[in-house]
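Trainee: predicted model and sequence below, questions to follow.
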Amino acid sequence: MLQSAPALEIRELTKRYDDGTLALEDTDLTVPDGAFFGLLGPNGAGKTTLINAVCNLIRVTSGEVLVFGEPADTLAARRSVGLAEQDINLDRFLTVEETLVYHGGYFGMAGDEARARAADMIETFDLRAKADVRTPKLSGGMRRRLLLARALMHRPRLVILDEPTAGVDFELRQELWTYIRRLHEEGTTILLTTHYLEEAETLCEEIALIRDGELIARDTAEGLRERYGGNTLADVYVKAMGMPVP
Amino acid sequence: MAQLDSLRKQTADEPALAPAAGDVGPADGLGGLAWLSRREILRVWKVWTQAVLAPVVSSMLFILVFGVSLGGRIREVAGFPYEVFVVPGLIVMAMVQAAYNNNASTIYQARSDRYVNDVLSAPMKPWQMNLGFNVGGIVRAIAIGAFLLLLALPLTGVGVAQPLVLVPAVLFGVVLFGALGTVVGIYAEQWDHTTFISNIVILPLAFVGGVFYSIDLLGSPWHELSHFNPVFYLVNAVRYGFLGTSDVSVALSLGVTAALAIPTYLWAQYLFTSGRRLKA
């Protein structure tokens, strides 16, 4: 029964911050299990708020968030989600290896299992030379790799990537997308936000457009192009967001 | 590509995905608590010169200067040589400052750099997060207290007269100030806010809390006012544990310290449970 539940089900989600800002209002969204789903919108549209609601990082005003059928604030749901945040948020006291091992521990992995998995992730993300280096001493690219490795460390069924390639050079971006594509092929559900529209068009099976806290459209890239009469997703984005046509 | 081969190997040899949601048992999150506690202790260990050595050295200087050097010029206090009398209070002062500073800084840094999200999003219960974040300050304070006792023992001959009082007194004290550090670290909007409480509240309260003197030596109204100082009760409970003497009833000292420690810890717990100040 659990296997057939959507990876993510959001019902009438509203989030009003303490300063009165309404970030999301009665938002509904369903992401099927195994999907590669894109969430596009300008800065401040509510993408990160939505992600934080799924990951138990904000106090939701009203509504319901289910992860594989379980309420998002339950331990069961949290074990199923891996998050790579937009901003680099690595523990400054830990080395690369410790970052991964401790994350695994927080998510319930035993010591030996966490160390073995961390060794694999270090290998996979080409971090071996820096395994014993503390995170503040890593380059920007290395930090981004580590952030992604940490998100995948506990083998989540739903991986949320919030602008994972922001500020990343072309080569590393290609490399990261190769990892993520393979992960998706192996059955992991991916929820992606990105400002690189061509990436979303290439990678995502379905895309939702969000503006001012509301989901305004949801379809395949092709469906969105047809609906908005654009040749590219960039055309769609410009029209959907009400931006002046260049 | 070696990296991709490696990724494939992981998912082929091991379970590719997290266990199904229904697999969570009643003991879940305890592993996370253990790792968070370990992380907090590791943090202390990585900066041990600053976290443990420095307060031990400065407290030993107090013992040497105020106790051993000046002690010869001061008559006995409460029936004990002065260098013996000051040791319990100095140990308390070092421990409560360490417990507070450690926990205020660890949670403030975690919030400021936002790696607290790695814990908040983990499958751990709020009480496990609270306890895990508090462990570092408690361990650091007890380590400092133990080192100071070991060093003071041959210098002053101070002993432990009432261990059954000393143990709960120390535990209530470090929990009180460790939890206070956690609360302040969660509320603080800038680093200065945490140091303000340490320098303007805790340190003065410790200095006028009977660390260096018995309040029986004070005239009115200072004698009476000392009874409104929570550190006074902690100092006296710990002094009773070491020396078997106290300015007030040991039951009252333990009771007041516990009565402050429990709600302060519950305050920290409330912040983790509600997410207030930790989650937007």
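Mentor: Happy to help now that I have it. Residues are numbered from 1 along each chain as shown, chains lettered A, B, ... in the order given.

Trainee: which residue is the nearest non-sequential neighbour of the residue in chain B that chain A sits nearest to?
Mentor: Relative to chain A, the nearest point of chain B is B:Trp35 (2.9 Å; Cβ to the nearest Cβ). Every C-beta, even on glycine, is put in place using the N, C-alpha and C of the backbone. Nearest residue to B:Trp35 in three dimensions, chain neighbours excluded: A:Gly105, at 2.9 Å (Cβ to Cβ, 6 or more residues apart in numbering or on different chains).

Trainee: check which helix or strand the one you found maps to.
Mentor: A:Gly105 is part of helix A:96-106 when elements are defined by DSSP states H and E.

Trainee: okay, now the unreliable bits of chain B?
Mentor: Filtered on pLDDT under 70, chain B yields the residue ranges B:1-27.

Trainee: what ranges does the chain have for its helices?
Mentor: Because you didn't say which chain, this covers chain A. In chain A, the segments counted as helices under DSSP state H are A:47-54, A:75-79, A:96-106, A:111-124, A:140-152, A:170-185, A:197-203, A:221-228, A:233-240.

Trainee: nope, chain B please
Mentor: For chain B, applying DSSP H gives helices covering B:2-13, B:30-46, B:48, B:54-62, B:82-112, B:116-120, B:126-156, B:163-187, B:191-196, B:203-207, B:222-225, B:230-243, B:250-274.

Trainee: quick check: angle from the second one to helix B:126-156?
Mentor: Read it as helix B:30-46. Relative orientation of helix B:30-46 versus helix B:126-156 (axes from the mean of the first three to the mean of the last three Cα atoms, to 10 degrees): 40 degrees.

Trainee: A:Leu183 contacts A:Leu161, doesn't it?
Mentor: No - here A:Leu183 lies out of contact with A:Leu161, judged by Cβ atoms under 8 Å, at a distance of 10.2 Å.

Trainee: which residues do these two both contact?
Mentor: Common contacts of A:Leu183 and A:Leu161 (Cβ atoms under 8 Å, 6 or more residues apart in numbering or on different chains): A:Ile190.

Trainee: returning to what we had before: ok, now which ones touch the residue of chain B closest to chain A?
Mentor: Residues in contact with B:Trp35 (Cβ under 8 Å, 6+ apart) are A:Tyr102, A:Gly105, A:Tyr106.

Trainee: again with B:Gly173
Mentor: Shown in contact with B:Gly173 (Cβ under 8 Å, 6+ apart): B:Val92, B:Met95, B:Val96, B:Ala99, B:Leu234, B:Ala237, B:Val238, B:Thr257, B:Ala261.

Trainee: pull out the buried members of the contacts of B:Trp35.
Mentor: Among those, the ones that count as buried by 16 or more other Cβ atoms under 10 Å in any protein chain shown are A:Tyr102, A:Gly105, A:Tyr106.

Trainee: nearest residue to A:Met142 other than its sequence neighbours?
Mentor: Leaving aside its sequence neighbours, A:Met142 sits nearest to A:Lys130 (Cβ to Cβ, 6+ apart; 5.8 Å).

Trainee: then A:Thr165?
Mentor: A:Arg173 is the one closest to A:Thr165 (Cβ to Cβ, 6+ apart), at 4.4 Å.

Trainee: please apply the same query to A:Ile210.
Mentor: Nearest non-adjacent residue to A:Ile210, counting by Cβ to Cβ, 6+ apart: A:Gly41, 3.8 Å away.

Trainee: any idea how far that neighbour lies from A:Glu226?
Mentor: Applying Cβ to Cβ, to the nearest Å, the value for A:Gly41 to A:Glu226 is 20 Å.

Trainee: and for the residue nearest to A:Met142, the neighbour number?
Mentor: By other Cβ atoms under 10 Å in any protein chain shown, the residues close to A:Lys130 number 20.

Trainee: swap in A:Trp177?
Mentor: Neighbours of A:Trp177 under the rule other Cβ under 10 Å: 17.

Trainee: cool, thanks, talk later.
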